[in-house]
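>>> Provided below are the primary sequence and the corresponding predicted coordinates.
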Amino acid sequence: AVSLLSFSALNSMAQNLVPNPSFETYSSCPNAPDQITLATSWSMPTDGTSDYFNACDVPGNMDVPSNMLGNQAANAGVAYAGLFTEYATTCANYREYIRVQLTSPLVVGQSYTASMYASLADFSDNATNNIGMFLSTSASVSGAPSPPSCLNGGPVTPAVVPQVNYTAVLNNKTSWTLITGTFTAATAAQYLYIGNFYNDASTVITNVAPFVIGGTY
């Protein structure tokens, strides 16, 4: 799950460039998986089916804190997004992403800091590294083809390098882990993508406890 994003220039007038950063504002209450687009400003850039959780779905599969993936209070407010960074037992290289357009493009040469919080779902069998943030000038990316048995896309293709990437295995199911980094803008990027931008061969996948879902959520 991903919560409370911050993206700002490193200067005295810093402001968050991410609209609806903690997913609080929505067009309608989520009541099923595959509904991240109900969170205002957010969308799915590939065929991967990312999810939206909000306390308005009480009780329900997409409720906060208790939902179909376990129990986790929001890091801020009453909502968060959910996505798979791998689903190895069923679909090798399966990936899910979320996307948002920044409130203004990056300024080339300006330094920025990007931060978010992530937590491993209780029902995850595995944990991975490589959850990151990729900034692009393009409003679209393509997911690599998945195996025939899978309906959805794999990692972004052609391969991209996220400006901020969490290289440790994120295995904390109890609380939220801060993911943050600083970089200098090389382009006037205005779209933020979140997910695992590497294939299984380049991702550390570790078992944390056989439970319900055969992957890392």
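Now that the structure is in, tell me what you want to look at. Remember, it's a predicted structure, so these values are computed and weren't measured experimentally. Numbers count the residues shown, from 1 in each chain.
>>> helix/strand/coil for T37?
What DSSP: H, G, I helix; E, B strand; the rest coil gives for T37 is helix.
>>> next up, the contacts around it.
43-44, 52 (Cβ atoms under 8 Å, 6 or more residues apart in numbering). Bear in mind the C-beta positions are built from the backbone N, C-alpha and C, glycine included.
>>> could you dump those into a markdown table with secondary structure, neighbour count and pLDDT added?
Output for the contacts of T37, formatted as a markdown table (DSSP: H, G, I helix; E, B strand; the rest coil; neighbours: other Cβ atoms under 10 Å; pLDDT from 0 to 100):
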| residue | secondary structure | neighbour count | pLDDT |
| --- | --- | --- | --- |
| S43 | strand | 15 | 95 |
| M44 | coil | 21 | 91 |
| Y52 | strand | 25 | 97 |
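>>> just the closest of these to T85, please.
Proximity of the contacts of T37 to T85 was ranked by Cβ to Cβ; the top entry is M44 with 14.9 Å.
>>> show me what contacts the closest residue to that closest one other than its chain neighbours?
By the measure of Cβ to Cβ, 6 or more residues apart in numbering, the closest residue to M44 outside its immediate chain neighbours is S50, 5.2 Å from it. Contact analysis of S50 by Cβ under 8 Å, 6+ apart lists 34, 36, 44, 81-83, 96-98.
>>> let's see it at 10 Å
2, 33-37, 39, 42-44, 81-84, 95-99, 194-195 (Cβ atoms under 10 Å, 6 or more residues apart in numbering).
>>> so V18 touches R99, yeah?
No: counting by Cβ atoms under 10 Å, V18 sits too far from R99 to count as a contact (11.3 Å).
>>> and for these two, which residues touch both?
In terms of Cβ under 10 Å, 6+ apart, V18 and R99 are both contacted by the residues 41-42, 192.
>>> where does pLDDT dip in this protein?
Along the chain, segments meeting pLDDT under 70 span 1-14, 88-90, 143-153, 210-211.
>>> do that again at 50, thanks
12 (pLDDT under 50).
>>> hmm, which of the contacts of S50 are the buried ones?
2, 33, 35-37, 39, 42, 44, 81-84, 95-99, 194-195 (16 or more other Cβ atoms under 10 Å).
>>> just the ones of those residues in strands?
2, 42, 81-82, 98-99, 194-195 (DSSP state E).
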